[in-house]
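1. sequence first, then the predicted structure, then my questions.
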Amino acid sequence: MSERDTTNARTATDEQHTDATHDDTADDEFRSWTESSGTGTVNIQDLTKVYGTDGGELTAVDSMDLHIEAEEFVTVLGPSGCGKSTVMECIAGYLDPTEGEVLVNGDPVNEPDPSRGVVFQENRLFPWKTITENVRFGPQMRDAVDQSRIDSLFDQMGLEGFEDSYPHELSGGMQQRAELARLLANDPDIMLMDEPFSGLDAMTKELMQEKLLDVWEDDDRTVLFITHDVEEAILLADRVVVMTARPGQVKDVIDVDLDRPRDTDMVTTDRFNELQRRASESIHDEAERAMEQAEGRA
C-alpha cells in the first residue's frame with residue numbers, strides 16, 4: 001500500500017471512530033432522557049407528521065427532537081402553520097406520529113390519558129352543563145371525584161359564586177378560568193396549552209397569564225404552552241422553543257434566565273427586552289416564510 005493510501009485509510013478509520021463516538025454520545029444522552037425518573041418528563045424523538053391532502057402529502061413536522069424536564073415550563077413559539085399544534089396533539093395522544101415517537105416518563109404515547117391535560121384556544125366547556133358539572137366531569141368519569149379539591153379549585157380560580165352558572169353566562173376570561181379548573185381537577189402531571197389566551201382582551205390576558213404562573217408555581221407541573229406571542233412566550237417560560245416555518249423543526253432554544261416568581265411588570269426590564277429581541281429576530285424569517293407558504297409561493 002502506498003503512503004497516500006495508508007494516510008487515506010488512517011483518515012477514514014479516524015472519521016469512523018469519531019462518528020461512532022458521536023453516535024454513542026447521542027445514544028447515551030437520549031438514554032439518560034428516557035430513563036429520567038421525574039414524573040412529567042417528555043421526550044420527542046425524530047418526530048415527523050405527514051398529512052394526506054387533496055393536493056398530495058403535506059409534512060407538518062419533520063424530524064423534530066425535544067426534551068422537556070419534569071416540572072419545566074416550556075413555551076413553543078412559531079408562525080401559523082408551523083406544526084406547533086401537531087406536536088402538542090402527538091404528546092396528548094390525539095395524533096400518531098408518521099415517524100419517530102413521543103415518550104412520557106419513558107413510555108411511548110399511544111393514546112390520550114388524564115395525566116396529560118389539554119386546554120385549547122377555543123372554549124371546550126359543555127354548554128349544557130353548569131361550571132361545577134364541567135369541572136367534575138373528568139374525575140366523575142373515573143369515579144375519582146374529590147369535592148374538597150373541586151372547592152379549592154373554585155377558590156383558586158376565583159369562580160366562587162359561579163358554581164351553578166352555565167358557560168354562556170360567563171365572560172371569556174371566566175370561561176378560561178373554568179377550563180383551567182377543569183384541567184386541574186384531573187390532577188395531570190403535564191399541562192398542554194394551545195394558545196389558550198389568544199382570544200382574550202389585553203387586560204384579561206395579563207390576568208390569566210399571572211393566574212397560570214401562580215398555579216404552576218404552586219403545583220410544580222410540567223407545562224407545554226403554545227403561542228405566537230413573543231412577549232407571552234418569554235414571560236411564562238423557563239425555555240422558549242422557536243420553530244421553523246412548515247415543515248416544523250426546532251430552530252432555536254432560548255433559556256429564560258429571569259427570576260421567579262414573575263408577573264407582567266417584568267416586561268419593562270432590560271433583560272426581558274433583550275430576550276424578546278432575540279426571540280423576535282429568530283422567528284422573523286420564519287414568519288415571512290410562513291406567509292409565503294400561505295400565499296402559495298413556497
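-> Right, received. Where do you want to start?

2. Val241 bridge partners, please.
-> Applying DSSP bridges to Val241 yields these beta-bridge partners: Val76, Val253.

3. show me the contacts for it.
-> Taking C-beta atoms under 8 Å, 6 or more residues apart in numbering, we find Val241 in contact with 66, 74-77, 250, 252-253. Just so you know, the C-beta spots here come from the backbone N, C-alpha and C atoms, and that holds for glycine as well.

4. which among the residues you listed end up buried?
-> 66, 74-77, 250, 252 (16 or more other C-beta atoms under 10 Å).

5. for those residues, give me TSV that also has pLDDT and distance to Ala60.
-> Listed next are the buried ones among the contacts of Val241 as TSV, based on pLDDT from 0 to 100; distance: C-beta to C-beta, whole Å:
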residue	pLDDT	distance to Ala60
Leu66	97	15
Val74	98	19
Thr75	98	19
Val76	98	14
Leu77	96	17
Val250	97	14
Asp252	96	19
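
6. ok, of those, which one's closest to Arg124?
-> Closest approach between those and Arg124, by C-beta to C-beta: Val76, at 19.9 Å.

7. tell me which element the residue nearest the centre of the chain falls in.
-> In the chain, the residue lying closest to the centroid (C-alpha atoms, centre = their mean) is Leu224, at 2.7 Å. Secondary structure assignment for Leu224, by DSSP states H and E: strand 222-227.

8. packing partners for that strand?
-> Counting contacts by 3 or more C-beta pairs under 8 Å, 6 or more residues apart in numbering; DSSP states H and E, strand 222-227 is packed against strand 73-77, helix 84-92, strand 190-194, helix 230-236.

9. please identify the pairing partners of the third one and their relative orientation?
-> In the sheet, strand 190-194 lines up against strand 116-119 (parallel), strand 222-227 (parallel) (DSSP bridges).

10. which residues are contacting that strand?
-> Taking C-beta under 8 Å, 6+ apart as the rule, strand 190-194 contacts 40, 42, 84-85, 88, 91-92, 104, 115-121, 183, 212, 216, 221-226.

11. now do the longest one
-> By C-beta under 8 Å, 6+ apart, the surrounding residues in contact with helix 84-92 are 42, 44, 47, 49, 60-61, 64, 66, 76, 78, 95-97, 102, 104, 109, 112, 116, 118, 190, 192, 194, 224, 226, 243, 248.

12. what's the PyMOL syntax to select whichever of these are buried?
-> Listed next is the PyMOL selection for buried residues among the contacts of helix 84-92, using 16+ other C-beta under 10 Å:
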select buried, resi 42+44+47+49+60+61+64+66+76+78+95+97+102+104+109+116+118+190+192+194+224+226+243+248
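
13. regarding Leu159, what is its secondary structure?
-> Recorded secondary structure, Leu159: coil (DSSP: H, G, I helix; E, B strand; the rest coil).

14. residues near it, how many?
-> Residues within reach of Leu159, counting by other C-beta atoms under 10 Å, total 20.

15. that one touches Met174, doesn't it?
-> Yes: contact criterion C-beta atoms under 8 Å: Leu159 and Met174 qualify, at 7.1 Å.

16. quick one: the helices in the protein?
-> Taking DSSP state H to define them, one finds helices in the chain at 3-34, 84-92, 131-141, 147-156, 172-185, 202-219, 230-236, 270-294.

17. what is the fourth one packed up against?
-> Meaning helix 147-156. Right, helix 147-156 is packed against helix 131-141, helix 172-185 by 3+ C-beta pairs under 8 Å, 6+ apart.
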